[in-house]
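Trainee: My questions are about this predicted structure, shown below with the sequence.
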Amino acid sequence: PAGDPPESLDMMESFYWQFVVQTFTAIMMWLQLMQGLVLNKSLAALTYSVAELFGDVTRNLVVIAIILTSIAAGLTSLQEPYFENFGESTILLIKLVLGLGGPPVGDVMNPLGFGIVVFYVVITEIGLLSILIAQLALSYENLSVDKAGYARMNKAYVCVEGESLLPRYYRRQFYNLCNFDKAIPFDSGDYGPSGGIQVREPAYIRATSKYVPDRILRAVGEASKADPWPQPSQE
């Protein structure tokens, strides 16, 4: 109001920025719940795909922002109606592209200014946004081919980031329980590499048509120098 003292205006402005910070904090806090989606394989693949696609959107928006800034500066220099200052010009151009409505700029602008607005709309809406949609469709198609692998990779990334927040004592204790320093046995007397956790393969997998036999020939038993060298079976 016109009768408010300067102290009240300063207090209102201070409260406004507090509300802005609280709004941003609330949004970021609830977005952290997306980290829990990695517990589901399908949702983990989706969140990873969205993160990768967001990079393509960001690069495209940078180009659009440069074009928007240049067109807004040009129209402000011409002092066209509704484009008297840079801020109003930027907001009005954004409304024109997003279809949010606005004043009838075509009825009051001179031909040069109207041509610049038409050029901006054609380049941004028909050109760059169409390219962005096609690029996102192609990127999602490439990501969906190996979505299971991307899901596991995203899940591992989130687990490692969460593990880094734990105290070193708990991490060392959990590491010792996993016995990563011991070799994993393939069979009796046949030891493999260390640094992993053994998971036994279900027997029914060998009966499926997609099963591929192991190409490594393994000779079980004790590794003694006195034993003869194993002979491959003749089929």
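Mentor: Yes, it's here.
Trainee: where do the helices sit along the chain?
Mentor: 6-31, 41-78, 86-98, 105-108, 111-121, 129-145, 147-163, 168-178 (DSSP state H).
Trainee: Please name whichever of the ones you listed is nearest to residue 186.
Mentor: Closest approach to residue 186 among those (Cβ to Cβ): helix 168-178, 18.5 Å. Using the backbone N, CA and C atoms, a C-beta is placed for each residue, glycine as well.
Trainee: Enumerate the positions of that closest one that are buried.
Mentor: Across helix 168-178, burial judged by 16 or more other Cβ atoms under 10 Å covers no residue at all.
Trainee: circling back: which one of the helices of the chain lies closest to residue 210?
Mentor: Between the helices of the chain, helix 147-163 lies closest to residue 210; by Cβ to Cβ that is 14.8 Å.
Trainee: distance between that closest one and the chain's centre?
Mentor: Put simply, helix 147-163 sits 12 Å off its chain's centre (Cα atoms, centre = their mean, to the nearest Å).
Trainee: any idea how far residue 153 is from residue 32?
Mentor: 20 Å (Cβ to Cβ, to the nearest Å).
Trainee: What of residue 74?
Mentor: 42 Å.
Trainee: okay, the two: which has more neighbours?
Mentor: residue 74 (16 against 8; other Cβ atoms under 10 Å).
Trainee: Local confidence estimate at that one?
Mentor: Looking at residue 74, its pLDDT is 86.
Trainee: and what of the one 3 residues further on?
Mentor: Residue 77 is assigned 85 on the pLDDT scale.
Trainee: how about low-confidence regions in the chain?
Mentor: Scanning the chain for pLDDT under 70 picks out 1-15, 38, 41, 102-103, 105-107, 188-189, 219-223, 230-235.
Trainee: which residues does residue 42 contact?
Mentor: Contacts for residue 42 (Cβ atoms under 8 Å, 6 or more residues apart in numbering) come out as residue 151.
Trainee: swap in residue 67?
Mentor: 120, 123-124, 128.
Trainee: Just give me the neighbour total for residue 201.
Mentor: 8.
Trainee: Next: residue 80.
Mentor: As a burial measure, residue 80 scores 20 neighbours (other Cβ under 10 Å).
Trainee: count of residues packed around the nearest residue to it once chain neighbours are set aside?
Mentor: Of all residues beyond its chain neighbours, the one nearest residue 80 is residue 113 (4.2 Å), with distances taken as Cβ to Cβ, 6 or more residues apart in numbering. Residue 113 has 20 neighbours, counted by other Cβ under 10 Å.
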